[in-house]
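1. Turn this into a model:
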Amino acid sequence: MHLTGIRFLFAYDRWATERILGAAAGVDEATWSAPNAIGDRGLGGILIHHLGAHQRWRHGLSGSEDSPRPEGGPLPSPAGLAEWWEAEWDALDAWLDTIVDAWLLTTDEGIPYWQMLAHVVNHGTQHRAEAAALLSAAGRSPGDLDMIVYCEELAGPADAGAAAGDEEPG
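-> Numbers count the residues shown, from 1 in each chain. Predicted structure coming up:
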């Protein structure tokens, strides 16, 4: 995998997480912090863990000795968590700017770094799905989070002729 693919995966990760955070904005305290059918973390706890894991992977792969654990502190509000995510995305973008394709093939215990980065996005998918289920049960669905929906949004509106089936595939 090349850096272009990694950037795409993280752009999707951000898009999907933003949809979750948007649906969580203004959610009631019980939905945000109470234990639920998914576990004892609550919606906010699930999302703060998602952020913490994202931060720890970025720090670890960049060689930093820091190992952020936002899960260990007080649970921020949904708006506060969204701000923390904005800071993480800025830090991720800055770090990705330092990576070259050859680094992605470097291994740690036999696992290439590109696979570790793909894992970070996949790990987020797990927790976004949990959050989406809780939000949907509270009447606040984030909508479709599928990667293909993200791709369709990137592509923009389809040509009217192609959409109607008037053009043959090229």
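2. Now the top helix by length along the chain: average pLDDT?
-> In the chain, with assignment by DSSP state H, the single longest helix is helix 113-137. Mean per-residue pLDDT for helix 113-137: 96.
3. Same check on stretch 66-82?
-> 93.
4. For this protein, name the helix or strand with the lowest mean pLDDT.
-> Least confident helix or strand of the chain, by mean pLDDT, DSSP states H and E, is helix 160-163 with a mean of 46.
5. Would you mark the buried spots in the longest helix of the chain?
-> For helix 113-137, a neighbour-count test (16 or more other Cβ atoms under 10 Å) marks 113-114, 117-118, 120-121, 123-125, 127-128, 130-135 as buried. From N, CA and C alone the C-beta is placed, and that goes for glycine too.
6. for Met116, what are its contacts?
-> The contact partners of Met116, by Cβ atoms under 8 Å, 6 or more residues apart in numbering, come to Trp57, Leu61, Asp108.
7. Swap in 7 Å and give it another go.
-> Contact analysis of Met116 by Cβ atoms under 7 Å, 6 or more residues apart in numbering lists Trp57, Leu61.
8. Excluding chain neighbours, give the residue nearest to Leu3 in space.
-> Leaving aside its sequence neighbours, Leu3 sits nearest to Asp101 (Cβ to Cβ, 6 or more residues apart in numbering; 5.4 Å).
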